[in-house]
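# with the sequence up front, the predicted model follows.
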Number of protein chains: 2
Amino acid sequence: MRRPKRELSDVALHMIAHRFKVLAEPMRLKILHALWDGERTVGDLVAATNALQANISKHLGVLQQAGLVSRRKEGVNVYYRICDETVFELCEVVCASLHDRLATQLGELPPVTPERKRA
Amino acid sequence: MRRPKRELSDVALHMIAHRFKVLAEPMRLKILHALWDGERTVGDLVAATNALQANISKHLGVLQQAGLVSRRKEGVNVYYRICDETVFELCEVVCASLHDRLATQLGELPPVTPERKRA
DNA sequence: TTCTTATATTGCTAGGTAGCAATGTAATTA
DNA sequence: TAATTACATTGCTACCTAGCAATATAAGAA
């Protein structure tokens, strides 16, 4: 059962939209994915994403500002980790929805005759 | 328990990011909110959002393209409704996360002496 | 101190898009 | 037919931001 409809102020709408906006960049998702099972240094993330270090730092700043990741400095390295568990839930819900959508679209196409498959 | 980390292609990352991007506009969230408990005409949505009709139509196009809403034409009117229930779940998860975050930040501030409240 | 390594910051440019205004289109009514 | 209503589309502009390049900062090593 869904929650009842709540009133939403413009400020609330902007906050919700901003959270989605932070998640709306492939590179930031890639970073979060690299942080999926634990903390990583900036260098680790640069290697995992094939992006320039400056861009990774900027994306990490956005993620931290949004409260999705946190930093821990150790010597010359900085370790980042996901500190908002809803990140996982949101990504999984979206993945499931996209999966359903594509499966439905696939079912709406005419079937492929076997001999033409991978022609 | 969280799902194990899955491999994610760049295409998958872009699809997920795009879904978040569709939800990352306050006006689209306002439209979805107006559709929360049932279908509405474009005119209804224009009235509910105080936006120009052209913009509402464009936003509805984006939402429909993303598979979040569907159209039904009846005479001269067009009724839109939410056709992907994950929209509700996503918004509620984000709201809960934001609520937690703000509550935590509030707890980190020094308490307010009563006589200075609403000075 | 100087050098190097790791990370952050700044200035810039190109691409995307929300909102506006105007126009197009389809259904209904006169 | 013409006029009206409801919605969609197009062209435009202003704003935002991702990525790049260069520079800055900070910590450890020499």
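Done, it's in.

# what about the residue sitting nearest the centre point of chain A, is that helix, strand or coil?
Nearest to the mean C-alpha position of chain A, counting by CA atoms, centre = their mean, stands residue A:29 at 3.5 Å. Under DSSP: H, G, I helix; E, B strand; the rest coil, the three-state class of residue A:29 is helix.

# give me every residue that touches it.
A:23, A:91, B:8, B:13, B:16, B:17 (CB atoms under 8 Å, 6 or more residues apart in numbering or on different chains). Yep, even glycine has a C-beta here, placed from its N, CA and C like the rest.

# longest single helix anywhere in chain A?
In chain A, with assignment by DSSP state H, the single longest helix is helix A:86-108.

# what residues sit buried inside that helix?
The neighbour-count check on helix A:86-108 (16 or more other CB atoms under 10 Å in any protein chain shown) flags A:86, A:87, A:89, A:90, A:91, A:93, A:94, A:95, A:97, A:98, A:101 as buried.

# for the contacts of residue A:29, give me TSV that also has distance to DNA strand C.
Output for the contacts of residue A:29, formatted as TSV (distance: CB to the nearest atom of the strand, whole Å):
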residue	distance to DNA strand C
A:23	15
A:91	20
B:8	20
B:13	15
B:16	14
B:17	10
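
# give the buried subset of those residues as a ChimeraX selection command.
Here is the ChimeraX command that picks out the buried ones among the contacts of residue A:29, judged by 16+ other CB under 10 Å:
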select /A:23,91 /B:8,13,16,17
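
# quick one: which of the contacts of residue A:29 has the lowest pLDDT value?
The lowest pLDDT within the contacts of residue A:29 belongs to residue B:8, which sits at 90.

# re the thing from before, just checking, what packs against the longest helix of chain A?
Where contact means 3 or more CB pairs under 8 Å, 6 or more residues apart in numbering or on different chains; DSSP states H and E, helix A:86-108 is packed against helix A:26-34, helix B:10-22, helix B:86-108.

# distance to residue A:4 added to those, as a markdown table?
As requested, the helices and strands packed on helix A:86-108 are exported to a markdown table (distance: least, CB to CB, whole Å):
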| stretch | distance to residue A:4 |
| --- | --- |
| helix A:26-34 | 31 |
| helix B:10-22 | 24 |
| helix B:86-108 | 11 |
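
# for DNA strand D, find the nearest of the ones you listed.
helix A:26-34 (4.1 Å; CB to the nearest atom of the strand).

# tell me what the helix or strand that the closest one is followed by is packed against?
Sequence-wise, the next helix or strand downstream of helix A:26-34 (DSSP states H and E) is strand A:40-41. Applying 3+ CB pairs under 8 Å, 6+ apart, we find strand A:40-41 packed against strand A:77-82.
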